[in-house]
Every structure is written in C-alpha cells, then in structure tokens.
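1. just coords:
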C-alpha cells in the first residue's frame, strides 16, 4: 500500500477523530402524527406520495399529489427556530408558510381542516 499524504494508508479506514455531522430528524411520535395525517389524506384521495429528507439543520416531510410533480405541502422541522417562531412549519407549494408553531399537532391542523379539493374551471 502506498501511504497518502494525510498519513492514512490507502484502504484503511480513517480514525473517528471527528464526529459525523449531525442531522435533524423526526422522532417516533412526530413520524406517527405525520403518517396518520398522510394516511387520512390518501384515503380521501388527496395525496398519493411522500418524501422525507433529513438535512443538517432541518427535517422535511413533503407530500405529493403525483410523485412526478412538486410537493403540495412541506412540513418542516427546524430546531434552531424552536425558541422564536416554533420548530414546525407547513409550507405550501408556492413557498408560503401556512402555519408555524411549537407543537406539531397544532401546525398540522391547518392541513386537516383545509379544503384541499382542486377546483376545475
């Protein structure tokens, strides 16, 4: 093996001196609330797909009418906003924040009570 210039030989695992970058995620109760709402909306024929993304500073649960389209809504968890506006937000496809707060259940209520039917001309 040829040693690299950083002192680690090729094929050897680097020493775990630096912690892995942390990422924000949803806990079990948050996922339960999100999936319960998702299943309700699927049964109503409104939503058909979802995606979850865990980033360094934010976790996102996005719902889609069709998987080939942009998300209808994004439910975002941003812990650094927890003391200010609240860690949770529901964002529309246009980027408007529909509701923001400290409790996920209250934030999700904007989607449960909204009329999400598409009106055709």
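-> Looks like it arrived, so ask away. Source: prediction; values computed, not measured. Residues are numbered from 1 along each chain as shown.
2. wouldn't residue 56 be in contact with residue 25 here?
-> No: using Cβ atoms under 8 Å, residue 56 makes no contact with residue 25, being 11.1 Å away. The C-beta positions use only the backbone N, C-alpha and C, and glycine is treated the same way.
3. Give me the more crowded residue out of the two.
-> Neighbours were counted for residue 56 and for residue 25 using other Cβ atoms under 10 Å; residue 25 has more, 12 against 8.
4. contacting residues around the more buried one?
-> Applying Cβ atoms under 8 Å, 6 or more residues apart in numbering, we find residue 25 in contact with 54, 59.
5. Can I take it that it is in a helix?
-> No: the assignment for residue 25 (DSSP: H, G, I helix; E, B strand; the rest coil) gives coil, which keeps it out of a helix.
6. Show me where this structure has its strands.
-> With DSSP state E as the criterion, the chain has strands at 49-54, 59-64, 73-77, 88-92, 97-101.
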